[in-house]
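Trainee: One predicted model, sequence on top.
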Amino acid sequence: MIKMKIKEAIAAVLILTTFGLIMAYFNQILL
Amino acid sequence: MSCKNNKIQNKTSLLKIVVWVAVIISLTFAYIYGLVRKDPLVWEYLQSIFPEKAEFQTKGINPLLLEIHDQETREFLGYCAAEKSQGWGGPLLVAVFIDSRGTLERIAVLDHKETPSFFLKLQRHNFFDQFSGKRVSEPFFLGEDIDTITQATVTSKAITDAVRAASHEVGRNIFDLEIQREQKRWKFGINELILLLLFAGVLVNTKLKSKILRNVVMLMAFIFLGFYLNSAIAIGNLSQILLGFIPSFKENLFWWILIGGALLMPIVLKKNLYCSYLCPFGTLQDYTSKLSGINIVMRKKYERLAKNIAFFLTWFALFVIFVTSNPSLGTYEPFATFFRLEGEGIQWFVLPAVVLGSFILTRFFCRFFCPVGVVLNLLAKSRYSLGKILKRQKND
């Protein structure tokens, strides 16, 4: 269970980082 | 217990309806705003690119033809003509500056909706400089007297078309030259043929279900649509249809086959086969996933939650595109950054994050971020539901 949670945490970090970067890209191109 | 479950279900479906209504209303408003927003006039653009104080005297309206004088000395500076043409992302507005002897001094792209990477490519290869010094009566044909820039063929062709139309107009109206109007030509070459073969391969494999054929088609599309042409479908390509920026069928057959094929498959076959077979970025993620051998499986509730990011990004990208009437502004997919190694600023951070993610989560970008996947899957799902409803009605 702990292993699963760690894996999910890694996935969440990657997903949120990429999302943040894409939004930062929009910020770069629009402003 | 079941009553509680029903209540939760009702709340979820109500929330879904509210979200969908909000999405449709906001996109409709953005679309209308984009339509009614006035584009700056050509001379506003011209004033901004002319360093000296220039005065423009109109000589013709369609297309726009101007005589330029210095505001103070009244000295004649030259002629300017502006013409529109259809690029990869939408219409382009190009101005040509011609001296008193009928020689092109320079050209300027006043407005465009192309992907920045295509434009950078043209600038880097000095595409615009080729026109300087040419006579107005020259043919201006890509591959003949103008060099094509590979991987930005549609954009370079659109600019050349506009330059030709504008220069010839000046030639006819100002210098009284007899220049024949150009007839649109059919453009069917090796690229269109390979693309048709790829689609044929996909269709054949829906019956054969051969793993080998699937891998061959995917590899070919990876090389051809990815590295060779950098033509993976992006949200900008789909939204340009809604904005009415549709290129000519005769001259841009490739665009029609690619976009038409990708849209027809979910509508006719109820399956989004473009993403699973032809998208080169999807194939790249399959390869990285195979290479690492790792696949983190998330619990369903988290997976569903994360997938909402793709929906949000699709809505946001479409909103930006509709408000600005510019498909390239909403195109955030890192396709060109990977296949062409062309990008600006943060794009260089997005790509490594996506590639890293695809090593540990299969089809990382497709699942959580791809707007094209969202649109094509929605089409397939809607077509599937419609088919079911029609079948039920027939049975009743």
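Mentor: Arrived safely.

Trainee: mind listing the helices for chain A?
Mentor: Under the criterion DSSP state H, chain A carries helices at the ranges A:2-30.

Trainee: so residue B:55, which of the three states?
Mentor: Three-state call for residue B:55 (DSSP: H, G, I helix; E, B strand; the rest coil): strand.

Trainee: Count the neighbours of it for me.
Mentor: For residue B:55, the neighbour count with other CB atoms under 10 Å in any protein chain shown is 14. For glycine as for every other residue, the C-beta is placed from the backbone atoms N, C-alpha and C.

Trainee: which residues sit in contact with it?
Mentor: B:68, B:69, B:70, B:71 (CB atoms under 8 Å, 6 or more residues apart in numbering or on different chains).

Trainee: Distance to chain A, neighbour count and secondary structure added to the residues you listed, as TSV?
Mentor: TSV is the format used below for the contacts of residue B:55 (distance: CB to the nearest CB, whole Å; neighbours: other CB atoms under 10 Å in any protein chain shown; DSSP: H, G, I helix; E, B strand; the rest coil):
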residue	distance to chain A	neighbour count	secondary structure
B:68	33	20	strand
B:69	38	17	strand
B:70	36	13	strand
B:71	34	12	coil
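
Trainee: Of those residues, which is the nearest to residue B:233?
Mentor: Closest approach to residue B:233 among the contacts of residue B:55 (CB to CB): residue B:68, at 41.5 Å.

Trainee: and the closest residue to that closest one other than its chain neighbours, what helix or strand is that in?
Mentor: Nearest in space to residue B:68, with sequence neighbours left out and distances taken as CB to CB, 6 or more residues apart in numbering or on different chains, is residue B:77 at 4.2 Å. Element membership for residue B:77, per DSSP states H and E: strand B:76-86.

Trainee: for that strand, packing partners?
Mentor: Helices and strands touching strand B:76-86, as assessed by 3 or more CB pairs under 8 Å, 6 or more residues apart in numbering or on different chains; DSSP states H and E, comprise strand B:54-60, strand B:64-70, strand B:91-98, helix B:153-173.

Trainee: Export these to TSV and append columns for mean pLDDT.
Mentor: What follows is these, written out as TSV (pLDDT from 0 to 100):
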stretch	mean pLDDT
strand B:54-60	80
strand B:64-70	84
strand B:91-98	89
helix B:153-173	89
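
Trainee: Residue B:308 and chain A: what is the separation?
Mentor: 10 Å (CB to the nearest CB, to the nearest Å).

Trainee: And that residue, how close does it get to residue B:184?
Mentor: Distance from residue B:308 to residue B:184, counting by CB to CB, to the nearest Å: 45 Å.

Trainee: Also residue B:195?
Mentor: 20 Å.

Trainee: of the two, who's got more company?
Mentor: Remark: of residue B:195 and residue B:184, residue B:195 carries more neighbours, 21 against 10, as counted by other CB under 10 Å.

Trainee: interface residues of the stretch 251-396 of chain B facing chain A?
Mentor: On the criterion CB under 8 Å from any CB of the partner chain, chain A has as its neighbours in the stretch 251-396 of chain B the residues B:296, B:298-299, B:302, B:306, B:309, B:313, B:316, B:320, B:329, B:332, B:344-347, B:349-350, B:353-354, B:356-357, B:360-361, B:364, B:368-369.

Trainee: so which strand or helix has the residue in the stretch 151-300 of chain B positioned nearest to chain A?
Mentor: Scanning the stretch 151-300 of chain B for the residue nearest chain A gives residue B:296, at 4.6 Å (criterion: CB to the nearest CB). Counting by DSSP H and E, no helix or strand carries residue B:296.

Trainee: what residues are up against it?
Mentor: By CB under 8 Å, 6+ apart, the contact list for residue B:296 reads A:7, A:8, A:10, A:11, B:360, B:361.

Trainee: one more time with 10 Å, if that's ok
Mentor: By CB atoms under 10 Å, 6 or more residues apart in numbering or on different chains, residue B:296 lies in contact with A:4, A:6, A:7, A:8, A:10, A:11, A:14, B:357, B:360, B:361, B:362, B:364.

Trainee: what's the pLDDT at it?
Mentor: On pLDDT, residue B:296 comes in at 90.
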